[in-house]
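Q: quick one, structure for this:
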Amino acid sequence: MKLKIYTTGISFCFLLLTKNAVSQMDLLLGAKTICAGSEILLSESVYVFDPMKDSGVWNVATLQRDLEENDPELEKIIAKRKKLMAQNPGTDVGIDLNSSYKTNVASTAYIESSFAGCTYDGGSPSDNTVAVSKAGFVVASANSSVNFYDKSNNRIKTYTLPAFAKDPTTFSYDPKVLYDWVYDRFILVFLEGKTASTSKIVICFSTSGDPTGKWFVYHLNGNANNQGVWFDFPNIGISENDLFVCGNKFTDAGASRGSVIFQIVKMNGYKGGGSLKYKIYDTLETQFQDPLFSLYPASHGQALIGPGMYFVNSIKNGGSEIDISQITDSLNSGKAVFKVSQYNTNFNYNVPFSTLMKGAPNQKQLSNNDCRILGALTLKNYIFFCFHADIGTKGYSSLILCRFNTKTGAIDSSTLSGYQTSFGFPNIASIGFGDWDHTLVMTFLASSNKMYPSCYYTTIEQNLSWAQPTLIKSGDWYYNSQGTQNDERWGDYTGVCRWNGNFCPAAVTHTSFAQKNVSTPNVTLGDYANWTTRLLYCNPNDIEKPVEPAFNTTLYPNPVNLEYAHLDFSIKHREKIKIDVYNTEGKWLKTLSNDILPEGKYSFMIETSSLPNGIYYIHIVNGKMQNLNTQKLVVVR
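A: Next up is the predicted model:
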């Protein structure tokens, strides 16, 4: 099934107050310093969650989530646009197998496998997030459910967020998960409580890349700086040193108090056994003293960035500006501050109309929320970010991808629009061969008056050109989770991440679609269902499958505090062996071997005296560039 789509290219968007930005993680020129953050704080508690011993399922309180705040302006916009969409739903089906499209390029990513995701827990909308380890373990979460999968897509275990939190008394929601490929750890963050007195940020660190092992779990007070607020809508990212948790603050009456950032030393969480060291950046605003809302960390697209972090946010009710902000250094440096610059695009974006659904009764529609950033990442000197909005597409929601150059301060962007079809809730991941390769995969949702809510993916190439979207999972009903006339929440966010350990560039998605509730045949209920997909950035029919290691490898001493480390291995047949050393940013440092070697045993000396303290990777491939082995070397003096 194909979607009729249109693409546009928009380029040369300029900074309002500054002309340039310097190299990655240097200060954005012209940026205004907003705050230096709080004093150093320590987390409230720590304990261990053992998936193999602790109960996986606790009672779960479900919630039908409304918009986060009492925003009269946004409510007026949504009400007006819902009415307009109902009056002019369009007559074309929005899907046409025989039409020609302005984007005919086939996607360069292929579906390797696809399987059912987290079970619907009764809450709406479905908040999807996913991460995958180098070994192929997948952690996927939706609302209050967490699933672990092995590389063969077998579901190992299902848990609920209250099981991780060991606290069934409060509502657990808004999960976000990522994977740190340098330290081989998962990080799961979710929230508890929706009042100032109960709000908690729960942060879980796995002890390895196998999620079935133990997790260190910490609680942070969501009532930031004791302002009488609760914490909502988390976004997370990691640098080489720290974990960043962004969120929005609300009073118990629902009034917005802007955004807040927690900067956390991630090594404390990886080691466990003590408190998390963190600081809070509060009262965040633009250069023009407008409150920032829904900041999104532009975390690692491939290599970890640092020592600080970039953040992106848009104007939630529509506009033409984008704010790029930055925490300038690591927490332990003692020098980190929060700075921000505002950039003006050359296009306007607006809150989309509510989205139609095939067969929905009483003109029931789907809420698109607002225009907040829904995905962001950094590749070397570029920040990529995406969101959905009405960009002059007659109220229909379109996808927007922007690329910000941190050296020149310029933004270029591109959009994808459906013909009388709304696209919403995009997220992006890098799927290129290196951080010089700007190829991205984007997952998103789609719906129209002739189409049940479904989920798709597409790829965006180096020049920001879009490939024809590919269906992940087609809906078979409309969303009607409560059987009322009220509109449904379409989503908050979807999940997609890079898979670093695969034999070719790959990604994993976790998204939602509409499914008829078969347990209530006499009531026309439609549930939120979730689906997981592994994507490959190459045709599996055109490449060789990964080979079993041709040799066993030993790296010693490791960690090393001497002048040399030793790499020993044996090979079973004559072949070309290339051995390279890289740092954690993926930068090549030296080549140890690039020769055809006969069968036998070999030993290489790696000079470490010139290497600064840190982590390095010894990458071994054969003549066909197949990955034979990768060893992590830790230099400590």
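Q: okay, CA-based contacts and neighbour counts for the rest of this
A: Fine.
Q: where's the top strand by length along the chain relative to the chain centroid, distance-wise?
A: Within the chain, and with DSSP state E defining each element, the longest strand by residue count is strand 338-350. Mean-position distance between strand 338-350 and its chain equals 21 Å (Cα atoms, centre = their mean, to the nearest Å).
Q: any idea of the mean pLDDT for that strand?
A: Strand 338-350 comes out with an average pLDDT of 90.
Q: check stretch 286-296 too.
A: Averaging pLDDT along stretch 286-296 yields 84.
Q: quick one: contacts of it?
A: With contact meaning Cα atoms under 8 Å, 6 or more residues apart in numbering, stretch 286-296 is reached by 31-32, 233, 235-236, 246-248, 257-259, 283-285, 311-316, 323, 340-342, 372-376.
Q: the helix or strand harbouring residue 442 pairs with which strands?
A: Here residue 442, judged by DSSP states H and E, is contained in strand 440-448. Sheet pairing of strand 440-448 (DSSP bridges) gives strand 422-430 (antiparallel), strand 451-460 (antiparallel).
Q: and those: which comes nearest residue 202?
A: Shortest distance between residue 202 and the strands paired with strand 440-448, using Cα to Cα, is found for strand 422-430: 23.2 Å.
Q: can I get that closest one as PDB, trimmed to CA atoms?
A: The C-alpha trace of strand 422-430 is given here as PDB (Å, rounded to 0.1, in the frame of the first residue of the first chain):
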ATOM      1  CA  SER A 422      -2.200  13.400   7.900                       C
ATOM      2  CA  PHE A 423       1.300  12.300   9.000                       C
ATOM      3  CA  GLY A 424       2.200  12.700  12.600                       C
ATOM      4  CA  PHE A 425       4.500  11.900  15.500                       C
ATOM      5  CA  PRO A 426       7.800  11.400  13.700                       C
ATOM      6  CA  ASN A 427      11.100  10.300  15.200                       C
ATOM      7  CA  ILE A 428      14.500   9.800  13.600                       C
ATOM      8  CA  ALA A 429      17.600   7.600  13.900                       C
ATOM      9  CA  SER A 430      20.900   7.600  12.000                       C
END
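Q: gap between it and the chain center?
A: Relative to the chain's own centre, strand 422-430 is displaced by 10 Å; criterion: Cα atoms, centre = their mean.
Q: and if you look at stretch 272-288?
A: Offset of stretch 272-288 from its chain centre (Cα atoms, centre = their mean): 20 Å.
Q: can you check stretch 188-198 too?
A: Using Cα atoms, centre = their mean, the offset of stretch 188-198 from its chain centre is 20 Å.
Q: show residues contacting that stretch.
A: By Cα under 8 Å, 6+ apart, stretch 188-198 touches 161, 170-178, 199-205, 222-223, 228-232, 234, 236, 251-252.
Q: pull out the buried members of those residues.
A: 161, 170-178, 199-205, 222-223, 229-232, 234, 236, 251 (16 or more other Cα atoms under 10 Å).
Q: out of the residues you listed, which are inside helices?
A: Among the buried ones among the contacts of stretch 188-198, DSSP state H puts residue 161 in helices.
Q: quick one: end-to-end distance for stretch 459-473.
A: One end of stretch 459-473 sits 17 Å from the other (Cα to Cα, to the nearest Å).
Q: which parts of that stretch are buried?
A: 459-461, 464-473.
Q: same check on stretch 154-174?
A: In stretch 154-174, the ones that count as buried by 16+ other Cα under 10 Å are 155, 158-166, 168, 170-174.
Q: still on that earlier bit, in PyMOL, select just the buried ones from the contacts of stretch 286-296.
A: Selecting the buried subset of those in PyMOL, with 16+ other Cα under 10 Å as the burial test, is done by:
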select buried, resi 31+32+233+235+236+246+247+248+257+258+259+283+284+285+311+312+313+314+315+316+323+340+341+342+372+373+374+375+376
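Q: quick check: end-to-end length of stretch 116-132?
A: End-to-end distance for stretch 116-132: 16 Å, by Cα to Cα.
Q: can you check stretch 617-627 too?
A: Stretch 617-627 has an end-to-end distance of 13 Å (criterion: Cα to Cα).
Q: cool, stretch 463-470 as well?
A: Distance between the two ends of stretch 463-470: 20 Å, counting by Cα to Cα.
Q: all set, thanks.
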